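**Q** Everything below, folded, please.
(one chain, ligands or ions: 2)
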Amino acid sequence: MPPPGLAIRGPRSLLRQIREAMASGGPAQARLNMVVRIIAGSMVAEVCSIYLRRATNDLELFATEGLNPQAVHSTTLKPGEGLVGEIMRLGRPLNLSDAPNNPHFSYRPETGEDPFHAFLGVPLLRGGRTIGVLVVQNRTERVYSDEEVEDLQIIAMVLAEMVAGGELVDEDELKTVELAPHKPERLKGAKFADGLAYGRAVLHEAPVAPSQLLSDDVPAEEQRLGKAVTALQVQLDQMLDGQHGLVGASYEVLETYRMFAHDRGWNRSLEEAVSSGLTAEAAVERVRSEHRARLGQARDPYLRERLHDLEDLNDRLLRHLSGEGATARILPDDAILIARNLGPADLLEYDRTKLKGLLLEEGSSASHAAIVARALDIPCVGRLVGLRDRLSEGDPVIVDAETGEAYLRPRADVIEAVGARMQVRALRRAEFALLRNTPARTRDGAKISLLMNAGLAVDLDILNETGAEGIGLFRTEFQFMVAEELPRLEAQTQLYKRVMEAAEGRPVTFRTLDLGGDKVLPYLEAEREDNPALGWRAVRMGLDRPALLRLQLRALIAASGGQELRVMFPLVASVEEFRAARALVDHEIAWAQRRGRTAPGLLRVGAMIEAPSLIWHLDALLPLTDFVSVGTNDLMQYLFAADRGNPRVADRYDPLSPPALRVMKSIQDACQESGTPVSVCGEMAGRPLEAFALMALGFDQLSMPPAGIGPVKAMVLSSDREAARRAVTNLLKGSAGSVRNEIETLARKLSVSI
Ligand code: PEP
Ligand code: MG
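**A** Ligands and ions are numbered 1, 2, ... in the order given. From the prediction side, this is the model:
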């Protein structure tokens, strides 16, 4: 007696039989029936059934060999219902020796499946989604071998493509099968960067569907696979050596990628899949499904993270197979980028002129990806649960960052309504543009300086458009993040020169390198830290590696060419740190002078107030500084002990609450007393309501993302600062929690434009 399972190891001959059956023509249902019969015979199984997912999400029995034929098209199961529903829910195989005794077993008398004990079911996966389930059953209690599970998965993959290709299901039937999500959906998330956009979904981690699954020439496929794997390995090695792109991904992630790419197990699985008759592309998909199945359900976030790495690695390998290699993606003109999460520099890899919006499954509004989105004025909504599973590449989508929602495959009336709102926004923008040259003065005559945050050469184009009075925060690390290697002195000097030229005499405050935390450079080796936000970052790194900081200061001094130079240090946590950093500036000035170079006409050195420790040492700090700037993004994260990059906690605390506002007020009071100029350069300065509160507390220099300037100016022009000061001071006295609603009511009562 032949052993149970495939007579010849590997699904190749079985796949050939299926192909032959397909070629015989006839109605789709007859072909499907034939396919289940062939699989049952080949696997020595008494039952083989196919269930497909309807648009209602129910799984329906589409064909069976061995169960009661009357049950076809009448038995349905919900996701999670019965063993078949459970496979759909989990997206991975179930292999049971005694199915009727499994708690998930749901008895359907019409199928007559009670005598069958052994059960093996695998999902039909397409683009990472389960579109159906393929099952084999035997009377005897037995466990199917790992090879049989693998073989059935390969067959399932081929069947999934055949179903989608219309080869196995009638055209009319296919319309109601849920091959890809097609219903309009609305997801609620959180707004990260204001605005509205309508366009087509581009998946950051795009599945590249293999067009051909079966091959007749195994050696040729083996060769293709070998070449692509080598190319991938070389590419990753180069990235790790800092020679090539993929900016933004951390060193650690790349290390993991490299480890996987060289992993013998992974390579062996790919080779085995190819030798069983699959094309190299299909082999990648096959191994990918296996990993998904194994890691996808892991509770451990570390393991799930590894799955994400593997997905990306598989995509890269598919691109190598398609000859695309590591070249940048070509975007449609109305691209809405869809990602689970993004590093700040990942976003900059895309063509900004074509990127109309960004939707993230995770993320937080204070993360640097969100900051970059705001800097580029790309509407962004984050924390959209289940986003990637509900979208296919090219689906129409609306990013509604006014309400923090995403519309997937929106209906015509929704598109129309959003279109109308986009027009209103355009009109308002035009109104703000008219205010460009109007000085920002309150109705009672207080002058408020509105400055812009920048960090990239592209930002400079909009400096004039916004009418900002200067650049209050230039994030110098952005140049480092988008570069493929450490920018040299010349490159740094050039950028700083361009910034000063573009500012045309308006003040520019350069913030020295603020690396660490979530800003990691692939080419700069950094040790893994448990608490990067509290770790070796910003000025700490600069002081420990003075060569890096001094090089930057040298570039800044050279770029200033006799003009005013304003430099500030990020995340100063003690007066000593500021002293030490300032000493480096003096050192570099002396160095330049010794060589007869032009020193800055005027030098202003400042500190960012981001670490709460400084608040109780302003009396010692302020006399040493020429100015300070409050980085509320970091200050709030440290004040409330809430990681700004962690979606679960980042937005839990409101900067419009007494503790935050009192801290801000004490900083402002101390600066006023010592006569030290102070600005606020965190994101809150760019939101009209928050800016209104800051102005009421006495701040008169606000630096913000470019898109904030128009709305904040409209707020200033419509405010009476004295009235605001009185009312907001009162609110701080008795309130327990957030005073956002109270401040909003107040602003409306005072007819302030917020
Ligand atoms: C801040 O922390 O508020 C700030 C302006 O700096 P960054 O967001 O770059 O950390
Ligand atoms: Mg900061």
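**Q** Leu451 and Arg506, how far apart?
**A** Here the criterion is C-beta to C-beta, to the nearest Å. By it, Leu451 lies 9 Å from Arg506. C-beta here means a position set from N, CA and C on the backbone, and glycine is covered the same way.
**Q** Have a look at these two and say which one is more surrounded.
**A** Between Leu451 and Arg506, counted using other C-beta atoms under 10 Å, the more crowded position is Leu451 (26 against 15).
**Q** Quickly list what that one is bridged to.
**A** Ser703 (DSSP bridges).
**Q** wait, it sits on Leu702?
**A** Yes. Here Leu451 lies in contact with Leu702, judged by C-beta atoms under 8 Å, at a distance of 6.9 Å.
**Q** Give me the common contacts of these two.
**A** Common contact partners of Leu451 and Leu702 (C-beta atoms under 8 Å, 6 or more residues apart in numbering): 472, 679, 681.
**Q** Quick check: of these, which lies closest to ligand 1?
**A** Nearest to ligand 1 out of these is Cys681 (C-beta to the nearest ligand atom; 4.6 Å).
**Q** Could I get the phi/psi values of the closest one?
**A** Here is the backbone geometry of Cys681 (degrees, to the nearest 10): phi -120, psi 10.
**Q** Can you tell me how far it is from ligand 2?
**A** In this view, Cys681 and ligand 2 are 9 Å apart by C-beta to the ion, to the nearest Å.
**Q** Contacts only, for that residue.
**A** 451, 453, 472-473, 608, 629-632, 702-704.
**Q** do Pro706 as well
**A** By C-beta under 8 Å, 6+ apart, the residues touching Pro706 are 375, 377, 452-454, 459, 462-463, 465-466, 468.
**Q** any idea how far the residue most central in space within the chain is from ligand 1?
**A** Relative to the mean C-alpha position of the chain, the nearest C-alpha, by C-alpha atoms, centre = their mean, is the one of Asn341, at 2.0 Å. Between Asn341 and ligand 1 the distance, using C-beta to the nearest ligand atom, to the nearest Å, works out to 17 Å.
**Q** pretty sure that residue contacts Leu359?
**A** No. Asn341 is beyond contact range of Leu359, at 11.3 Å (criterion: C-beta under 8 Å).
**Q** just to revisit the earlier point, next, show the common contact partners of Leu451 and Arg506.
**A** 468-471.
**Q** Quick check: of the residues you listed, which has the highest neighbour count?
**A** Ile471 (27 neighbours).
**Q** hey, what's that residue bridged with?
**A** Going by DSSP bridges, Ile471 forms beta bridges with Met452, Val508.
**Q** quick one: pLDDT of it?
**A** As predicted, Ile471 sits at a pLDDT of 96.
**Q** try Val158
**A** Confidence score, pLDDT, at Val158: 81.
**Q** List the buried residues in the helix or strand harbouring it.
**A** Assigned by DSSP states H and E, Val158 belongs to helix 146-164. Residues of helix 146-164 classed as buried: 148-164 (neighbour count, 16 or more other C-beta atoms under 10 Å).
**Q** and if you look at stretch 188-208?
**A** 189-204, 207-208.
**Q** Domain map for the protein?
**A** 11-174, 185-205+329-414, 218-322, 470-631, 643-680+682-754 (automatic domain parsing).
**Q** Going by proximity to ligand 1, name the top residue of the stretch 651-754 of the chain.
**A** Gly682 (3.3 Å).
**Q** Can you report how many residues neighbour that residue?
**A** 27.
**Q** Would you enumerate the residues in contact with the closest residue to it other than its chain neighbours?
**A** Using C-beta to C-beta, 6 or more residues apart in numbering and skipping residues adjacent in sequence, the residue nearest Gly682 is Thr632, 2.9 Å away. Residues near Thr632 by C-beta under 8 Å, 6+ apart: 655, 664, 680-685.
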